Structure formats: C-alpha cells, structure tokens
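**Student:** 3D model of this:
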Amino acid sequence: MEGYIDIHSHILPGIDDGAKNFEMSMVMLQMAYDNKIRKIILTPHNKIGRHNAGPEKIRELAERIEAAAHAADMDITFYIGNELYYSSETVHALEEGKACTMADSGYVLVEFGPMDSLEHIRGGIYQVLSAGYRPIIAHAERYESVCTKVEHVADLVAMGCYIQVNAGSVMGQYGMGIRQFIKRVMKRGLVHFVATDCHDKSRRSPKMLECARYMERKFGREYTHRLLCENPTCVIENRYI
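**Tutor:** Residues are numbered from 1 along each chain as shown. Okay, here's the model as predicted:
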C-alpha cells in the first residue's frame with residue numbers, strides 16, 4: 001500500500017490547541033513520516049466567536065512547514081483545511097472565505113460538541129448539505145448521541161455526509177466501549193476515513209501504522225486502502241466518494 005493520507009491534523013504551530021511551536025511541528029511531522037503518512041490535510045480549529053487563523057495565515061504556515069519537511073528529506077505533501085465547530089454561522093464563514101474547505105474542495109470537516117443531541121447534529125449537517133458542501137463528521141465516535149446506536153451513524157450517512165473516526169479510537173485509546181462501537185460501524189462499511197487528529201507528540205500523536213495493520217487484519221486490505229488512501233484522494237481531487 002502506498003503512503004497514507006491524514007485528513008485531520010493539528011500540526012501547524014501556535015494557531016490552535018495543536019503543536020505549540022515550530023519545533024514540535026517538526027517532531028510531529030517526523031512521526032507522521034515514520035508512520036508512512038505522505039499527504040496531510042492541515043485542519044486547525046475554527047470556532048465562531050474565537051480568534052481564528054484565516055486562510056491566508058494557514059496557507060503561509062503550510063508552505064513554511066512543507067519547505068522544512070522537504071529540507072529534512074520528508075516527502076510529504078500538504079493541503080489546507082479547517083475543523084469547523086458547527087454553529088449557525090458556519091456556512092456564512094465558508095461562503096465569505098473566512099474558513100477553509102478541505103484541500104480547496106467541496107468537502108468540509110465539521111465538528112460538534114460531545115453532548116450535542118442527534119437532532120442538533122442532523123440539523124447542522126442538513127444546513128451544510130443545503131449550502132452545497134459535502135460534510136465529513138469529525139471523530140464521530142466522540143458524540144454520545146451518535147454512539148448509542150449504529151443506526152444513528154447509518155442515518156447520518158444516508159443524509160449524505162461522511163464519517164471520520166480517529167486512529168487512536170480504533171486502537172482503544174479512549175476505551176473499549178468506543179473501540180467496539182467503531183468495530184461494529186466499520187463492519188457495516190459506514191466509516192469513510194480514519195485520521196490521526198494529532199495534536200502533540202505523545203498521547204495525541206500522528207500515529208497511523210499500527211492502526212492500519214490492525215484494520216487490514218480485521219477488515220481487509222481493500223477496505224483499509226479505501227479509508228486511508230482512496231477516499232482521502234477523492235477529497236483532495238474533489239471527486240465524489
């Protein structure tokens with residue numbers, strides 16, 4: 001399998017709760033490279049009412065990181081995006097160019113609160129879809145209302161959105177309950193992306209290799225390739241999954 005594509009990361013230095021500085025960014029990038037990640041969509045948090053880095057700043061930092069990675073013999077390609085915390089203003093932020101889609105595509109990475117109701121999540125997804133975007137629900141396993149039943153995930157997918165889960169969650173980092181839920185959802189083919197959601201070099205690090213090997217054993221090489229390579233490529237190339 002060719003190198004993996006990480007669609008959810010917080011490697012850019014000093015603009016959210018991810019990498020604190022450029023030195024930490026480089027350590028995280030080396031870890032990502034050692035884990036066979038070869039393309040990364042950079043997705044700093046964007047929350048309405050907070051001080052958010054604009055697309056220009058994100059692009060500037062991305063170019064700096066890419067140059068440093070190549071200078072260190074890490075052949076990684078970077079794309080810009082955002083992890084958008086959903087609010088009634090999210091679509092306006094996208095339309096006004098204050099927030100980034102994923103790799104300049106029609107896909108957007110959307111986050112909700114862990115205790116948000118299923119009705120709120122469905123309503124948010126509906127608003128994003130109605131505006132013509134293709135929503136990817138960030139770390140769907142973290143929402144209590146979603147995780148009560150596999151059918152809730154199936155209903156969200158049927159609406160037209162896509163499901164991303166974190167590699168750490170797949171490996172049981174956040175408890176066996178979440179791990180078992182993801183296993184059931186993946187057996188139904190309802191997960192479209194596995195990403196690192198990396199924030200640092202320790203507990204939330206850019207590790208993918210162990211997860212990929214586990215997925216190949218449990219779900220097969222074809223499905224693993226789809227989640228780590230094929231579907232992310234569709235995002236980057238702005239093609240439908």
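
**Student:** just the strands in the chain please.
**Tutor:** With DSSP state E as the definition, the chain shows strands at residue ranges 4-6, 37-42, 45-47, 77-80, 83-85, 107-111, 134-137, 162-166, 193-195.

**Student:** identify, out of those, the most deeply packed stretch.
**Tutor:** Among the strands of the chain, judged by mean count of other C-beta atoms under 10 Å, the one packed with the most neighbours on average is strand 193-195 (a mean of 28). From N, CA and C alone the C-beta is placed, and that goes for glycine too.

**Student:** so where's this structure shaky on pLDDT?
**Tutor:** Along the chain, the parts satisfying pLDDT under 70 run over 1.

**Student:** from the contact counts, what lies against the helix of greatest length in the chain?
**Tutor:** Longest helix in the chain, counting residues (DSSP state H): helix 55-71. Contact analysis of helix 55-71 by 3 or more C-beta pairs under 8 Å, 6 or more residues apart in numbering; DSSP states H and E lists helix 22-34, strand 37-42, strand 77-80 as its packing neighbours.

**Student:** the last one pairs with which strands, and in what direction?
**Tutor:** Strand 77-80 has these partner strands in its sheet, going by DSSP bridges: strand 37-42 (parallel).

**Student:** ok and the partner strand relative to helix 55-71, angle-wise?
**Tutor:** Computed by axes from the mean of the first three to the mean of the last three C-alpha atoms, to 10 degrees, the angle separating strand 37-42 from helix 55-71 equals 160 degrees.

**Student:** ok, the most far-flung residue of the chain relative to its centre to Gly124 distance?
**Tutor:** The outermost residue of the chain, judged by C-alpha distance from the chain's mean C-alpha position using C-alpha atoms, centre = their mean, is Ala71 at 26.0 Å. Using C-beta to C-beta, to the nearest Å, Ala71 is found at 41 Å from Gly124.

**Student:** what's the answer for Phe112, then?
**Tutor:** In this structure, Phe112 and Gly124 are 7 Å apart, going by C-beta to C-beta.

**Student:** any common contacting residues for these two?
**Tutor:** Shared contacts of Phe112 and Gly124, defined by C-beta atoms under 8 Å, 6 or more residues apart in numbering, are found at Tyr86.

**Student:** quick one: contacts for the closest residue to Ser87 other than its chain neighbours?
**Tutor:** With C-beta to C-beta, 6 or more residues apart in numbering as the measure, Ile48 is the residue that lies nearest to Ser87, at 4.5 Å, once sequence neighbours are left out. Each residue near Ile48 by C-beta under 8 Å, 6+ apart is listed here: Tyr85, Ser87, Glu89, Thr90, Ala93.

**Student:** switch the cut-off to 10 Å
**Tutor:** With contacts taken as C-beta atoms under 10 Å, 6 or more residues apart in numbering, Ile48 has the following neighbours: Leu84, Tyr85, Tyr86, Ser87, Ser88, Glu89, Thr90, His92, Ala93, Lys98, Ala99.

**Student:** so which of the residues you listed is the most crowded?
**Tutor:** Using other C-beta atoms under 10 Å as the neighbour test, these are led by Leu84, with 29 neighbours.

**Student:** separation between that one and Gly172?
**Tutor:** The span separating Leu84 from Gly172 equals 28 Å under the rule C-beta to C-beta.

**Student:** equivalent analysis for Arg203, please.
**Tutor:** Relative to Gly172, Arg203 is positioned 13 Å away (C-beta to C-beta).

**Student:** redo the strands of the chain as CSV? Include distance to Arg217.
**Tutor:** Output for the strands of the chain, formatted as CSV (distance: least, C-beta to C-beta, whole Å):
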stretch, distance to Arg217
strand 4-6, 16
strand 37-42, 20
strand 45-47, 33
strand 77-80, 28
strand 83-85, 29
strand 107-111, 28
strand 134-137, 26
strand 162-166, 17
strand 193-195, 14
